[in-house]
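A.B. asks: Build me a structure from this.
(one chain, ligands or ions: 1)
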Amino acid sequence: MANAWIPWYGCKKKSEGCQNCYIYRGAASRGMDAGHIHKSDKFDLPLQRNKKGSYVIPPNTLVFTSFSSDFLLKEADEWRPDAWRMIRERRDCNFFFLTKRPERLLECVPEDWGDGYENVEIGVSCENQQRADERLSIFMKLPIKRKYIILAPMLQKMDIEQYLDPTLACVVCEGESGPNVRPLDYDWVLAIREQCIRQGVSFSFRQTGSNFIMDGKQYQVQKRYQHSQARKADIDYHAQPTV
Ligand code: SF4
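C.D. replies: Residues are numbered from 1 along each chain as shown. Modelled structure (predicted):
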């Protein structure tokens, strides 16, 4: 079971991958400014209860956290301690967030973080070789119980093999979605897959994006087919768990 929790809205653009950020596009279509960062009125959703007294988010839920921002955004520093408190209280759920700011994690975690909370999974997103080198060299050393590398939107061929180790939960490749977006070449995806297989790391091709190149041909893929087309490629790799 999965659910979404948006503790705050809005973000600041950080790098090339943010150029066509869906949060900015969505806000603009509603005449709003995604650069205006504000607390959500569902901030305390993980602790909210229904009329029967049960949590609104049931136990054993995977909670997609802060997908309308970056959880490690500086502008949210004031609110994050309360968010951690709720995450700690809901140990019966797993919380998953993405960040382009792994360099901020250690200054953002609570005192009892230790090697990472058992119920927190974190993905770092990287769009090109430069950002992968900057972020993965930091991310792979961080104390996090379950780590993902998300290459999205993947903007060029990348070599991340030196950062891969079998403790990673998965490496994910995705293209960019929306009008006039940058292309994803299937060869780049296959190259990452090979790196993952060599290093014994699980791999998933999650979605093609809107502008997809395969065998030198360019395809415009409608949003509703982007996941299914990637699945059809049938190239996901499931590494054996490390003992
Ligand atoms: S960091 Fe993520 S959420 Fe923030 S602007 Fe960039 S793409 Fe959007």
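A.B. asks: rest of the way, CA atoms for contacts and neighbours
C.D. replies: Will do.
A.B. asks: so what's Ile80 up against?
C.D. replies: You called it Ile, but residue 80 is Arg. Cys108 (CA atoms under 8 Å, 6 or more residues apart in numbering).
A.B. asks: what are the phi and psi values for it?
C.D. replies: Here the main-chain torsion angles of Arg80 (degrees, to the nearest 10) amount to phi -60, psi -40.
A.B. asks: Please read off the pLDDT at it from the model.
C.D. replies: If you check Arg80, the pLDDT there is 98.
A.B. asks: now do Glu176
C.D. replies: Looking at Glu176, its pLDDT is 98.
A.B. asks: the strands in the chain, which residues?
C.D. replies: 2-5, 8-9, 38-39, 62-65, 94-99, 120-126, 146-151, 170-174, 184-185, 203-207, 211-214, 217-220 (DSSP state E).
A.B. asks: Up against the ligand, what does the protein have?
C.D. replies: 11-14, 17-18, 21, 23, 69-70, 100 (CA under 6 Å from any ligand atom).
A.B. asks: Adding mean neighbour count as columns, could you present the strands of the chain in a markdown table?
C.D. replies: Compiled in a markdown table, the strands of the chain are given as follows (neighbours: other CA atoms under 10 Å):
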| stretch | mean neighbour count |
| --- | --- |
| strand 2-5 | 16 |
| strand 8-9 | 22 |
| strand 38-39 | 14 |
| strand 62-65 | 21 |
| strand 94-99 | 22 |
| strand 120-126 | 23 |
| strand 146-151 | 23 |
| strand 170-174 | 24 |
| strand 184-185 | 25 |
| strand 203-207 | 24 |
| strand 211-214 | 18 |
| strand 217-220 | 13 |
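A.B. asks: In contact with the nearest residue to Ile213 once chain neighbours are set aside, which residues are there?
C.D. replies: Computed as CA to CA, 6 or more residues apart in numbering, the closest residue to Ile213 that is not its neighbour in sequence is Asp185, at 4.6 Å. If you count contacts by CA under 8 Å, 6+ apart, Asp185 has them with 156, 212-214.
A.B. asks: repeat that for 10 Å
C.D. replies: Residues near Asp185 by CA atoms under 10 Å, 6 or more residues apart in numbering: 154-157, 175, 208, 211-218.
A.B. asks: Tell me the one of those nearest Val63?
C.D. replies: Nearest to Val63 among these: Gly175, at 23.2 Å, using CA to CA.
A.B. asks: Pro183 versus the closest one, what's the distance?
C.D. replies: 7 Å (CA to CA, to the nearest Å).
A.B. asks: overlap in contacts of these two?
C.D. replies: 153-155, 208-212.
A.B. asks: Tell me which of Gly175 and Pro183 has more neighbours.
C.D. replies: Set Gly175 next to Pro183 and count neighbours by other CA atoms under 10 Å: Gly175 wins out with 27 against 22.
A.B. asks: Rebuild the residues of the chain next to the ligand as TSV, extending it with pLDDT.
C.D. replies: Formatted as TSV, these follow (pLDDT from 0 to 100):
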residue	pLDDT
Cys11	97
Lys12	97
Lys13	97
Lys14	97
Gly17	98
Cys18	98
Cys21	96
Ile23	95
Ser69	96
Asp70	98
Lys100	98
